[in-house]
Structures are given as C-alpha cells and as structure tokens.
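*Asks:* Show me how the following folds:
(chains A and B)
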Amino acid sequence: MIIKDFKFIVEGNPSAEALVSPTALSFWGGVNAATGMIQDVHHSLCGKNLTDKILCISYDRGSCSSSGVMLEMIRQGTNPAGILCIEAEAVLALGPIIGEKMYQRSIAMRTVPEEIFKQIPENCRITFTDDAIVIE
Amino acid sequence: MQLTAYEQAMLDGAYGKGVQFAMEIVVKMGTLYGAERLIPVKNAHIDAAAYTTIWDAGTEFLEYLADNGAKVAVPTTINPLSRDIKNWKKLGQSEAFAMKSKRMEDAYLKMGVIPTWTCAPYQCTNVPKFGEVVSWSESNAVNYVNSVVGARAERLPDMVDVACAVTGRVPAYGWYLDENRIGDVLFKLEGFDESWFQDSVDYAILGYLVGEIVVNKVPVIEGLPERTMPDDLKAFSAAAASGGAVGMFHAVGHTPEAPTVEAAFNGRTDYKTIVLTPENMRDMESRLNTAKDNHVDVVLMGCPHLSADELNWVAALMDGKKVCEKTEFWIMTSETQYNLALRNGAAQKLEEAGVIITRDTCLMEMDEGDSRWEGQNFVTNSGKAAQYTPAINRVNIHMASMKGCVEAAVTGTFAKEVRV
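*Replies:* Numbers count the residues shown, from 1 in each chain, chains lettered A, B, ... in the order given. The predicted structure follows:
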C-alpha cells in the first residue's frame, strides 16, 4: 500500500517495523521514557517497546506533559523512529520540534486522513519517503 | 504569520537569547497549526514543573532559558513538583531525586513564576475572567478554565507553555477562536435518579467515559443536576482530559457558554446525540476498577489538588475516626489550600487522624521508579488518578466516593457502594 495523501508534521524518512493501534495514547504516564516501553494498562500496545519503531496511533490524549517525555526520549535515544497518526495535536508534535533544536535529533511525524489510517494492517513495515508512505 | 514589530524583535534576539528561543518555539507551533497571528495573554499557568514530566532534557531547556535572561511576561502560576518542599524527607523521597526537582524549581524562580506548585490554581491564586485569553497548560486546568470559567485557553504542550509565558503570546488557533468553541457531540443523561451525582466521583466516571468517546472533540452534556458544584466540574474536567484529550466542554445550564443546548451548538443542528444511562456509568466504573480483591493499601485523594472546602468535608467525615494501621491515606493539595485548612482546623484534624497531607506535589510525580507502590491496591475518587497510577505507580484501582474513600481508609477494606 502506497499512501500519497498525507501531511508533514516533522520531516524525516525512517523505515521501520510498525506498532499499530486505533487507541489514542498519552506519552506521559503511558510510556517509560528511559526504556521506550508502553506501560498504559488500558492501551492495546501495553508491554510493547516503541524505540526505533514507527508508531501508528489515532490521536494523542491526556497529559500536556507528553512533549516533555518525548524530548527526554530523544535525549536518551529511546524514541520511536517515526509517528503516523490522524491528527497531530500540538502535545505530540512539539517534543520532536524542540528536540530538533536542542539535540539536532527528532522524530519524523506525518498525519493521514482517518479512512486511510483505518486501512493500516497490524503487522507491517512502514517507510516514509519524500513523497509517500509505503506500507509493506 | 503576521508578527508585530515587538514580536519580530523578540524573534530577532533583541531581548536576549532566552526570549528568542521561546519566540522561535511559539512561532514554529503557530505555523504548524495555521495561526495567522499571535495573541497577547493576561496570565499563564505552566504544567512542566515536575521532574518526572520533563526529565533532564526539560531541565536543560529551562536552564537555557533562565541563564539567557528569560523571565515570564505575565503573572504565571505553576504545577506540582516531584517533591514536597517541606516534607520530602518525611515522605521517604531520596535526596538525589529531591535535588533534581530543586534544580528545576531554581530555574523557574529565576524566571519569576509565582510558586503555587498546584494543578488547581484556578481555585486559589490564578482565576481568569470570562473571555480572557490565557496561556495555560495542565490538562485538567485547561479544560476547567476554558469550559467552567469561559476563559480562552488551549492545551499547550509542556515547554511550549513556558515559551508562551515568557513571550506573553499564544498562537491564534484552536479554542482561542470562536468557531472551535462550539459543541460537536451532545450527551444526554437519561435514567439517573437522585442517588447519582451526589459525589464528585460520578462526575469523574462520567468525564472519563465522555473523554473516551469524543477524544478531542467538544462534548455538550445535558442533564447534570442543579446541585452540580465547581469541585464536581473539576473532577469532570480532569477525567475527561485523561480518558480523552478534552480541553473544552459545555455542561448545559452550568457553564457560561451553554445556557441552552442551542447556545452550546451555536445554532448548529447536524450534531450527533449519544444517550448515556446508569448502565454506561457502571460499565465505565468497572473498567477503571482494576483491583482484584478488597484489601486497601492506599487511599488517594487530591487529583486534582483538593480545595480547602473539600479538605473541610473530608475532615468532617473523619471526625472521631483514625486511619487503620495497615492503610495509608494520602491527600494532595497546595500549600495555599493547606494553610486555609490550618486556619479552620481541618488540616490538624486530618493529620491527627493519621492522614498524610502532601503539598506542592503529587504521588504520580513523586514516583522515583523504585517500585514503592507496585502491586498495591489504591482507592481513589479521581478518574485522572485511575488512568495514570496503574501505569506510573503500577497499582490497582477501586473508585469510591469521598465517603467511600474515608471508610476504606478507616477499615482497610473496600466496600462497593451500591446505588439504587
């Protein structure tokens, strides 16, 4: 599957195994910044490690502190390689943007319309290219 | 984006490197969300105060700003820390961890914040006016001042909240704009008799449920009883911002932009209607209740921080009783509310009964990753704590009313409260 209908939030062309969930996630409380482990017991990806993966979640939710957790993950190198979601709330997007300025490292982030997001299969590999999102 | 001469000068570095970095973040964020301009704000509340929310990276960020001359531009209050400033040793916090908090506190004090260290500043030191544009963060507080007060706030991410307080500007986007404050979905409460909504825990469960359904849309709630109080709406705000990303809601007849359903939707008629019944509430409550048995290790109240009035109520319920030996009863509040409770004797009464009252902090923000609470059963009246403590502190939950919390603390056993 090749997606052309997407929006850039944060630049970057990673290629990695995907972690896919229809459930919104709060990075603060939901993810351990030191290990990259998803620890929200109410989330379908609980127990999975998102380091170097491409995380596909519908939306972010909850705490305003998720940007802080994401910045710390960038500092420690435990961050996902990329994030694909339906809407990038500011809380999700700004950690990577500040990370770029402070540590010259970031998390590539793109958004797709809801009907396309729903077609992403659970087990897949995702590649962000300059003009597409390739799902294999 | 259109900048005024003053804003452009901040961006160009005329006011120092700290202000310049802050303005770069504000402009970047505004550009990302399609803002055409920035709006001056009257006051600010910063979320990014706990070490366990922004960690070493966030500390480096704060110190960069503070060391480069950045100061807050408007009256700015701030969220709970990762330590209780007076009692961190007594509460069993390690020196190394407490000092990480201290490092952040010092950076903030250098920038000129009002050291409230509370997540409910709207109940003490920072009370915005209706229609006022403010730079607020902390999900429960954004939801409360937007919805219950009718001020204009957005869910600013941590660190962006600091950048906005320093520049005194927010991007014109989201709930700052009239068109985005209109309701999206109507929730009709049906079949609730007098036994419901007598206690803020019902507002917490309802908030979590509504948040889970709408995620980031603006819900309109119809059917809350006349007796709904600000502390109840505080519980709803916090839970709706935890079960989802709700930062703006209307409660018909209770919040200022919703005297009627029509007003909440500003004449729109194409909205979806969802009916909520006691059965939906019971189902939500059972999903939040992750505890497997009825023994109680910790009773936790104060998420968000308790008001002086709530402290008074809990003290009245604890009258003549003691916290049982095998159970800890934690109440979290601010130094300001605590001092009010000292003046009417409620705080002394609670402490004599064995209650631990923490100030400046929050049990979730205090977790040093040392498994201190792992596997324990918590009883709480907070939907927000029910969302986050299982993940952060690795505990199990029973939801209870204020009365149920007190009984659990006194008996060490959780008794399910059955409504008619």
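*Asks:* Tell me which stretches of chain A form helices.
*Replies:* Taking DSSP state H as the criterion, chain A carries its helices at A:27-30, A:66-76, A:90-103, A:114-117.
*Asks:* residue ranges with poor pLDDT in chain B?
*Replies:* By pLDDT under 70, the weakly predicted segments of chain B are B:419-420.
*Asks:* could you redo the last one with a cut-off of 90?
*Replies:* B:32-33, B:124, B:416-420 (pLDDT under 90).
*Asks:* Strands of that one, start to end?
*Replies:* B:38-40, B:44-46, B:76-78, B:135-136, B:169-171, B:185-189, B:219-222, B:250-251, B:272-276, B:298-301, B:328-333, B:356-359, B:377-380, B:396-399 (DSSP state E).
*Asks:* Ok, chain A next?
*Replies:* Counting by DSSP E, the strands of chain A are A:2-3, A:7-10, A:15-21, A:54-57, A:82-85, A:108-111, A:125-128, A:133-135.
*Asks:* The residue lying closest to B:T118 once chain neighbours are set aside and B:L62: what is the separation?
*Replies:* What sits nearest to B:T118 in space, not counting adjacent residues and going by Cβ to Cβ, 6 or more residues apart in numbering or on different chains, is B:S334, at 3.5 Å. Quick note: C-beta positions are derived from backbone N, CA and C, even for glycine. The gap separating B:S334 from B:L62 is 21 Å, by Cβ to Cβ, to the nearest Å.
*Asks:* just to revisit the earlier point, ok, the residue nearest to B:T118 - contacts?
*Replies:* If you count contacts by Cβ atoms under 8 Å, 6 or more residues apart in numbering or on different chains, B:S334 has them with B:T116, B:W117, B:T118, B:A120, B:C124, B:H305, B:R359, B:D360.
*Asks:* possible to save the residues you listed as CSV with neighbour count?
*Replies:* CSV is the format used below for the contacts of B:S334 (neighbours: other Cβ atoms under 10 Å in any protein chain shown):
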residue, neighbour count
B:T116, 24
B:W117, 28
B:T118, 33
B:A120, 30
B:C124, 20
B:H305, 32
B:R359, 23
B:D360, 28
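*Asks:* which one of those is nearest A:E115?
*Replies:* Using Cβ to Cβ, B:A120 comes nearest to A:E115 of the contacts of B:S334, at 39.9 Å.
*Asks:* Let me know the distance separating that closest one from B:D309.
*Replies:* Remark: distance between B:A120 and B:D309 (Cβ to Cβ) = 12 Å.
*Asks:* B:I39 too?
*Replies:* Between B:I39 and B:D309 the computed distance is 33 Å (Cβ to Cβ).
*Asks:* neighbour count winner among the two?
*Replies:* The neighbour count for B:I39 versus B:D309, taken as other Cβ atoms under 10 Å in any protein chain shown, is higher for B:I39 (19 against 15).
*Asks:* my guess is that one contacts B:Y173, does it?
*Replies:* No. Contact criterion Cβ atoms under 8 Å: B:I39 and B:Y173 do not qualify, at 9.5 Å.
*Asks:* Spit out the contact partners of the nearest residue to A:T51 once chain neighbours are set aside.
*Replies:* Among residues not flanking A:T51 along the chain, A:G36 sits closest, at 3.5 Å (Cβ to Cβ, 6+ apart). A:G36 makes contacts with A:N49, A:L50, A:T51, A:M73, A:T78, A:N79, A:P80, as judged by Cβ under 8 Å, 6+ apart.
*Asks:* So what's the residue count around the last one?
*Replies:* Same thing as A:P80. 27.
*Asks:* Run through the residues that contact it.
*Replies:* Contacts of A:P80 by Cβ under 8 Å, 6+ apart are A:L19, A:G36, A:L50, A:T51, A:D52, A:K53, A:I54, A:L55, A:M73, A:I107.
*Asks:* Surely A:S63 touches B:N140?
*Replies:* No. The pair A:S63 / B:N140 is not scored as a contact, 9.5 Å apart, by Cβ under 8 Å.
*Asks:* could the strands of chain B be laid out in CSV, adding distance to chain A?
*Replies:* Shown next, in CSV, are the strands of chain B (distance: least, Cβ to the nearest Cβ, whole Å):
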stretch, distance to chain A
strand B:38-40, 15
strand B:44-46, 10
strand B:76-78, 13
strand B:135-136, 9
strand B:169-171, 9
strand B:185-189, 15
strand B:219-222, 14
strand B:250-251, 20
strand B:272-276, 15
strand B:298-301, 15
strand B:328-333, 16
strand B:356-359, 19
strand B:377-380, 13
strand B:396-399, 9
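*Asks:* and among the ones you listed, the most buried is which?
*Replies:* strand B:135-136 (a mean of 34; mean count of other Cβ atoms under 10 Å in any protein chain shown).
*Asks:* residues making contact with that one?
*Replies:* Contacts of strand B:135-136 (Cβ under 8 Å, 6+ apart): B:41, B:43-45, B:74, B:128, B:142, B:145, B:151, B:153-154, B:156, B:161, B:164-165, B:168-170.
*Asks:* how about 6 Å then?
*Replies:* Where contact means Cβ atoms under 6 Å, 6 or more residues apart in numbering or on different chains, the residues beyond strand B:135-136 that reach it are B:V41, B:A44, B:H45, B:V142, B:V145, B:A153, B:C164, B:A165, B:V170.
*Asks:* what do you get for stretch A:88-106?
*Replies:* For stretch A:88-106, with Cβ under 6 Å, 6+ apart as the criterion, the contacting residues are A:9-10, A:60, A:64, A:66-67, A:70-71, A:74-75, A:107, A:109, A:111, B:28, B:157, B:159-160.
*Asks:* what do you get for stretch B:282-298?
*Replies:* B:205, B:209, B:327-328, B:376-379, B:386, B:390, B:396-399, B:408, B:412-414.
*Asks:* what comes up buried for it?
*Replies:* For stretch B:282-298, a neighbour-count test (16 or more other Cβ atoms under 10 Å in any protein chain shown) marks B:M284, B:E285, B:L288, B:N289, B:T290, B:A291, B:V296, B:D297, B:V298 as buried.
*Asks:* farthest-separated two in those?
*Replies:* B:M284 and B:D297 (23.6 Å).
*Asks:* Contacts only, for the residue nearest the centre of chain A.
*Replies:* Geometric centre of chain A, nearest residue: A:I83, 2.3 Å, by Cα atoms, centre = their mean. Counting by Cβ under 6 Å, 6+ apart, A:I83 touches A:L55, A:I107, A:M109.
*Asks:* Look up how far B:M229 lies from the closest residue to B:A353 other than its chain neighbours.
*Replies:* In space, B:A353 comes closest to B:M318 once its chain neighbours are excluded; the distance is 4.7 Å by Cβ to Cβ, 6+ apart. Distance, B:M318 to B:M229, by Cβ to Cβ: 20 Å.
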